[in-house]
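# Provided below for reference: sequence and predicted model.
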Amino acid sequence: MSVILDVQNVTVRFGGVLALDNVSCKVNQGEFLCLIGPNGAGKTTMMRAVAGVIKPQAAQVMLAGKDITYLPTHKRARLGLALTHQIVRPFRSMSVIDNVALTAGHDLIGRVFKSMVSVDRSTARNQAQKYLELVGIEDVAQKNVVGQPLGVTKRLEVARALALEPKVLLLDEPLAGLNSVEAARLADTVADINRQGLTVVMIEHNLGEVLRVSQRLVVLDNGRKIADGKPMDVMHDPTVRAAYVGKERQNAAA
């Protein structure tokens, strides 16, 4: 398979703290890769560095053969890199469908304000409806986003990212806060989206769902990559097991 996302030698320091130490990873076209590791391993920092949200001290990021290392976040998004966030922050004054339509209109009108006041938004709304159906919340399309349960807003966050028509979808803990039934259903939805051809990179602490739906795991610990491979092979790696057990013991002692 061809490599669609090639991230090399990512190093990030926050003051005197080395958050990522020369981490590299390649993602193949159409792959479903999960980035896992104990708390504080550097997973979210890695994803934000890839998306351009934070500036690393060193890195090279290639997307579909194009060097995007020095591009700002919005230009990376336009080239096909979409990032969701663990804490969902939709536009609270809008309906569910309008939250997605605003993103779906990004390629029609460059400025966000103009896209909000554009007279003809039917194309964007039709696209938004498609993405809401894809994530399974089309029944609440016309409702205000305020008051919607977490399961809906988590799916809304995915729909908004899909509206960017990405080449690679980056998901930061989409299952966090969901009960076991909701988590399994959303994991299935993401897996279905991946099976339709979209490359997915997901951070997730729910190892049960990770092992059920992912095709490959990359494991970080203390800012370093310690494993990369098939899910069950990785989880049987003594280094990986030691990293998780060690963190659990530290937390229990705290």
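Looks like it came in fine. Numbering: from 1, shown residues only.
# Any idea what Leu81 is bridged to?
Leu81 has the following beta-bridge partners by DSSP bridges: Val168.
# mind checking how far it is from Glu138?
26 Å (Cβ to Cβ, to the nearest Å). Just so you know, the C-beta spots here come from the backbone N, C-alpha and C atoms, and that holds for glycine as well.
# between those two, who's got more neighbours?
Between Leu81 and Glu138, Leu81 has the larger neighbour count (other Cβ atoms under 10 Å), namely 26 against 17.
# Flag the shaky bits of this protein, pLDDT-wise.
Residues of the chain meeting the criterion pLDDT under 70: 105-121, 246-254.
# what residues go with each domain of it?
Per the record, the chain has its domains at 1-80+168-254, 89-165, by automatic domain parsing.
# now the strands for the stretch 101-250 of the chain?
Taking DSSP state E, counting those that start in this stretch as the criterion, the stretch 101-250 of the chain contains strands spanning 168-172, 199-203, 216-221, 224-229.
# buried ones in the second one?
Spelled out, that is strand 199-203. Using 16 or more other Cβ atoms under 10 Å as the test for burial, strand 199-203 gives 199-203.
# of all those residues, which comes closest to Ala163?
If you rank those by distance to Ala163 using Cβ to Cβ, Val200 comes first, at 15.7 Å.
# What are the neighbouring residues in contact with the closest one?
Listed by Cβ atoms under 8 Å, 6 or more residues apart in numbering, the contact partners of Val200 are 31-33, 168-169, 171, 190, 193-194.
# What is the end-to-end distance of stretch 8-25?
End-to-end distance for stretch 8-25, by Cα to Cα, to the nearest Å: 6 Å.
# which residues touch it?
By Cβ under 8 Å, 6+ apart, stretch 8-25 touches 5, 7, 33, 35, 42, 45-46, 49-50, 54, 56-62, 218, 220, 223-225, 228.
# again, only this time at 7 Å
Contact partners of stretch 8-25, identified using Cβ atoms under 7 Å, 6 or more residues apart in numbering, comprise 7, 42, 45-46, 49, 54, 56-60, 218, 220, 223-225.
# Of those residues, select the buried ones using a PyMOL command.
Selection of buried members from the contacts of stretch 8-25 for PyMOL, criterion 16+ other Cβ under 10 Å:
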select buried, resi 7+42+45+46+49+54+56+59+218+220+223+224+225
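# where exactly do the helices run in the stretch 51-200 of the chain?
Using DSSP state H, counting those that start in this stretch, the helices of the stretch 51-200 of the chain run over 73-79, 96-104, 112-117, 122-135, 150-162, 180-195.
# re earlier: tell me the one of the buried residues of strand 199-203 nearest Leu186?
The shortest approach to Leu186 among these belongs to Met202, at 10.7 Å (Cβ to Cβ).
# That closest one contacts Glu173, correct?
No. Met202 is beyond contact range of Glu173, at 8.3 Å (criterion: Cβ atoms under 7 Å).
# Give me the buried stretch members for the helix or strand containing Arg13, please.
Secondary structure from DSSP states H and E places Arg13 in strand 3-14. With burial defined by 16+ other Cβ under 10 Å, the residues of strand 3-14 counted as buried are 4-7, 10-12.
# how near is Lys55 to Val17?
Distance from Lys55 to Val17, by Cβ to Cβ: 15 Å.
# Which one's more surrounded, these two?
Lys55 (11 against 8).
# wait, what's in contact with Leu162?
131, 134.
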